[in-house]
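Chemist: just need the structure, nothing else, for what follows:
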Amino acid sequence: MKGGKSKADSTKTDARLKGKSTGAGKRGGKKEKDPNKPKRPPSAFFVFMEEFRKQFKEAHPENRSVSVVGKAAGEKWKSMTAAEKAPFVAKSEKRKAEYNKKMQTYNRKLAGGANEAEDDESDKSKSEVHDEEEEEGSGEDDEE
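Modeler: Okay, the predicted model is just below:
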């Protein structure tokens, strides 16, 4: 049969359509997201969108379409001058600075959480070993 599909070919196609892996594709899968990780800050456009949605909803209460709001906001953003965009850019920068601070503390907690227990044990063992050496040293002097 020229040009005909075999049964094996159709099962591979069906597996891909259903989203199942045939075994050779993905290796490990997705990493799980940490729920404690801070969310990324919005860009200046999204800061603008927060305010624009409220204004658009007041002006057009009958509109329920998200795409219409997005298109209208995009058109307005493109037509705005840099001076008009400046307050939204400033808010975005402020949020970005806060995000960077939160990420630093988050990263410190991650690094500290994994290493704190090891550091505590290793510090104790070092001091205990040091104390034992001093005691042994003083004991040897007494015996001689």
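
Chemist: all contacts plus neighbour counts: C-alpha atoms, from now on.
Modeler: Fine.

Chemist: my guess is residue 73 contacts residue 50. True?
Modeler: No - Residue 73 is beyond contact range of residue 50, at 10.1 Å (criterion: CA atoms under 8 Å).

Chemist: name the residue in those two with the higher neighbour count.
Modeler: Neighbour totals were compared for residue 73 and residue 50, and residue 73 leads with 19 against 10 (other CA atoms under 10 Å).

Chemist: which of the residues in the host helix or strand of that one are buried?
Modeler: Using DSSP states H and E, residue 73 sits within helix 66-79. By 16 or more other CA atoms under 10 Å, the buried positions in helix 66-79 come out as 69, 73, 77.

Chemist: so what's the residue count around the residue nearest to the last one when sequence neighbours are not counted?
Modeler: This points to residue 77. Spatial nearest neighbour of residue 77, chain neighbours left out: residue 45 (7.4 Å); criterion: CA to CA, 6 or more residues apart in numbering. Number of residues near residue 45 (other CA under 10 Å) recorded here: 15.

Chemist: which other helices and strands contact the helix or strand hosting residue 45?
Modeler: Under the criterion of DSSP H and E, residue 45 resides in helix 44-59. For helix 44-59, the packing partners by 3 or more CA pairs under 8 Å, 6 or more residues apart in numbering; DSSP states H and E come out as helix 66-79, helix 82-143.

Chemist: can you count the residues close to residue 47?
Modeler: Considering only other CA under 10 Å, residue 47 is surrounded by 18 other residues.

Chemist: my error: substitute residue 48 in the last question.
Modeler: For residue 48, the count of nearby residues is 20 (other CA under 10 Å).

Chemist: that one and residue 89: what is the separation?
Modeler: Distance of residue 48 to residue 89, given as CA to CA, to the nearest Å: 9 Å.

Chemist: ok, now residue 57?
Modeler: Using CA to CA, residue 57 is found at 23 Å from residue 89.

Chemist: these two: which is more packed in?
Modeler: A direct count of neighbours by other CA under 10 Å for residue 57 and residue 89 places residue 89 higher, at 19 against 13.

Chemist: residue 96 and residue 38 touch, don't they?
Modeler: No - contact status for residue 96 versus residue 38: not in contact, 11.2 Å apart, counting by CA under 8 Å.
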